[in-house]
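Colleague: okay, here's the prediction I keep looking at, along with the sequence it came from:
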Amino acid sequence: ISCKTEENKLTTVNKNPLIQYYKVGKEVSISSSDFQMGEENEFYEKGVTLILNGDFKGGETEFLKALSINPNSIIALNNLGNLKFMLREFPDAINYLNESIRLSDSTYFPAVLNLGRLYGLLGEDKKAEKLFNHIIENSEVDFLIGVSHFGLAQMYLDYGWIEKAKLSFSKSEFKLKPYSDFEPDLDTLKLEIENYNK
């Protein structure tokens, strides 16, 4: 998801489970309280803080420390995968995200979303669609459904599948309307879809 804001902050989108997102540049990272952390939480929080301040290497080091304490930490695996995605280290990103999804039995939607975005970028449209649709069909949180439709719309636009892009976009626009920081991104995507053949 591409988001442009002046500051990086945690935004709450759902109370129970607690679902929040934060932005680094144009990237959005989503967390869910359905999955708890143990002793590794201290390192995870340090890693998030470092990344929010632009220190990606420092953030990676802290996430790896969290993983050394709990190798099955779904959240740490997802965050490492998301960070590797941002750094364009795609094989590592795929491995971390797949492990997060496997350990959560496909219920940790932030990892599913991140892997869907990555596969879309890599031209693996069938894999991406399957992941985005898994969230759309299984989540009850409008925000997660909206960002999944947004991801599909962006992927379809990138592939030149404009009718599919329009349909997914209209669904994402409806679900993301309450989140004003997505307005610029929705506006940009809408224009790109409308002007694709002009």
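Modeller: Looks like it came in fine.
Colleague: residue 88 should be in a helix, yeah?
Modeller: No - the assignment for residue 88 (DSSP: H, G, I helix; E, B strand; the rest coil) gives coil, which keeps it out of a helix.
Colleague: and it, how many residues sit next to it?
Modeller: For residue 88, the number of neighbouring residues by other C-beta atoms under 10 Å comes to 8. Where you see a C-beta, it was placed from the backbone N, CA and C, and this is true even at glycine.
Colleague: kindly report the same for residue 183.
Modeller: Going by other C-beta under 10 Å, the residues that sit close to residue 183 add up to 13.
Colleague: look at it and report its pLDDT.
Modeller: Per-residue pLDDT puts residue 183 at 86.
Colleague: only C-alpha atoms, please: export the one helix or strand it maps to in PDB.
Modeller: Applying DSSP states H and E as the criterion places residue 183 in helix 183-194. Once side chains and other backbone atoms are set aside, the C-alpha atoms of helix 183-194 remain, and they are given as PDB (Å, rounded to 0.1, in the frame of the first residue of the first chain):
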ATOM      1  CA  GLU A 183      -7.300   9.700   0.500                       C
ATOM      2  CA  PRO A 184      -4.300  10.800  -1.500                       C
ATOM      3  CA  ASP A 185      -3.500   7.200  -2.400                       C
ATOM      4  CA  LEU A 186      -7.100   6.400  -3.400                       C
ATOM      5  CA  ASP A 187      -7.200   9.600  -5.500                       C
ATOM      6  CA  THR A 188      -3.900   8.800  -7.200                       C
ATOM      7  CA  LEU A 189      -4.900   5.200  -8.000                       C
ATOM      8  CA  LYS A 190      -8.300   6.400  -9.300                       C
ATOM      9  CA  LEU A 191      -6.700   8.800 -11.700                       C
ATOM     10  CA  GLU A 192      -4.200   6.200 -12.800                       C
ATOM     11  CA  ILE A 193      -7.000   3.700 -13.600                       C
ATOM     12  CA  GLU A 194      -9.100   6.400 -15.400                       C
END
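Colleague: list the helices and strands that helix packs on?
Modeller: With contacts defined as 3 or more C-beta pairs under 8 Å, 6 or more residues apart in numbering; DSSP states H and E, helix 183-194 has these neighbours: helix 142-159, helix 162-176.
Colleague: tell me what the first one is packed against?
Modeller: Secondary structure elements in contact with helix 142-159, counted by 3+ C-beta pairs under 8 Å, 6+ apart, are strand 19-24, strand 27-32, helix 109-121, helix 125-138, helix 162-176, helix 183-194.
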